[in-house]
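*Asks:* From the sequence below, what's the structure:
(one chain, ligands or ions: 2)
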Amino acid sequence: MQVQIVEVGPRDGLQNEQKVLSAPEKIRLIEMLAEAGLQRVEASSFVNPKWIPQLADAGEVCRSLPHQSRVRYSALVPNLKGLERARECGLTEVALFMSASETHNLKNINKSIEETFPVLRETAREALALGMRVRGYVSTVFGCPYEGEVPLDNTRKVTNELISMGVYEVSIGDTIGVATPLQVHQVFAALVKDVTTERLAGHFHDTRGTGLANVAAALDEGIRIFDSSIGGLGGCPYAPGASGNISSEDLVYMLHGMGYETGVSLEKLVEAGAYVQQLLGRALPSKVLQAALAQ
Ligand code: HMG
Ligand code: MG
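*Replies:* Ligands and ions are numbered 1, 2, ... in the order given. Below is the predicted model of the structure:
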């Protein structure tokens, strides 16, 4: 049984870090992630650099991505300008993103949900015409930092809109890490009425310690693609209180123990986690990383 892991550490993981890493440091991290066997890596983000200063060097990083034929690299783009910047670097995959809740969407990308659809549709159309693969994200599915509970119908609507734009997969995000397994069952059971499981991914944050339990619940619903971040880095600057993504080391450890294959070497992943921990100068949240380093 195979599970695909989408490594989002270089993007989601770093975007909220105060200490700005250099482009060569980010490129070395990405190289270590690729060497660990990860086959999908989100390398950076072509958003307004004033909004996310840590990723202002997206162009420099994406122009120097390590050549690994097995590895697919992508980057976040919010609009045509972001797409153009991604294309100039030779990227062949981009990810569009928006929220299931109105206020987070507004704070994160400065538009209402309805205003966002045509912008993303145009961006998707252009990316597909360029022969790119296009992924989609829905944020705040399990709760919004500003509005609290988010109606499931919002998520269904945004997911279905993204699919209709031609995205090959939608990542269902617990942006602020409030989800519990029961809710994960309910959300995916509802979404698979419209979209097949092969086109859905789980994107969990571990803010309240439920991240891996939520992965187990999503596995039960047939989901086989998960986003995670090296060391458990992460957070959204426009989601107060959001902490790390689930850690790639912890995810791989759990999946291998459950009999799933990921193609990832846990030992090499720990080396990458140790590298980024040393760059940032503080202990990272990954439990498997800390356990390995303590031995
Ligand atoms: P805006 O201010 O409404 O944009 O921002 P605008 O179109 O009015 O343009 C204003 C300025 O931004 C102009 O520059 C544009 O050129 C520039 P000026 O003329 O003032 O010098 N601009 C850009 N520059 C570079 N690249 C671009 C770009 N677009 C416009 N692509 C915008 C709208 C979407 C750009 C802004 O709100 C933004 O950058 N937001 C990104 C915020 C962000 O990255 N948040 C974190 C990622 S989402 C997330 O973490 C959730 C996720 O991980 C899933 C989960 O956890 O659930 C995906
Ligand atoms: Mg995230």
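
*Asks:* touching ligand 1 at all, stretch 36-50?
*Replies:* Yes: counting by Cβ under 6 Å from any ligand atom, ligand 1 is contacted by stretch 36-50 at 45, 46, 47, 48. Placement of C-beta: from N, CA and C, glycine included.

*Asks:* tally of neighbours for the second one?
*Replies:* Under the neighbour criterion other Cβ atoms under 10 Å, residue 46 is assigned a count of 26.

*Asks:* Name all residues that make contact with the closest residue to ligand 1 within the chain.
*Replies:* Evaluated by Cβ to the nearest ligand atom, the chain has residue 173 as its residue closest to ligand 1, separated by 2.4 Å. By Cβ atoms under 8 Å, 6 or more residues apart in numbering, the residues touching residue 173 are 137, 138, 139, 140, 141, 203.

*Asks:* where does it land in three-state SS?
*Replies:* strand (DSSP: H, G, I helix; E, B strand; the rest coil).

*Asks:* Now it: closest residue in space, sequence neighbours ignored.
*Replies:* Excluding the flanking residues, the one nearest residue 173 by Cβ to Cβ, 6 or more residues apart in numbering is residue 203, at 4.1 Å.

*Asks:* Please report the distance of that neighbour from residue 122.
*Replies:* Separation of residue 203 from residue 122 (Cβ to Cβ, to the nearest Å) stands at 24 Å.

*Asks:* Of those two, which one has the most company?
*Replies:* The neighbour count for residue 203 versus residue 122, taken as other Cβ under 10 Å, is higher for residue 203 (26 against 14).

*Asks:* So the helix ranked longest in the chain, near ligand 1 or not?
*Replies:* Longest helix in the chain, counting residues (DSSP state H): helix 113-129. No: Helix 113-129 does not reach ligand 1 (Cβ under 6 Å from any ligand atom); its nearest approach is 8.2 Å.
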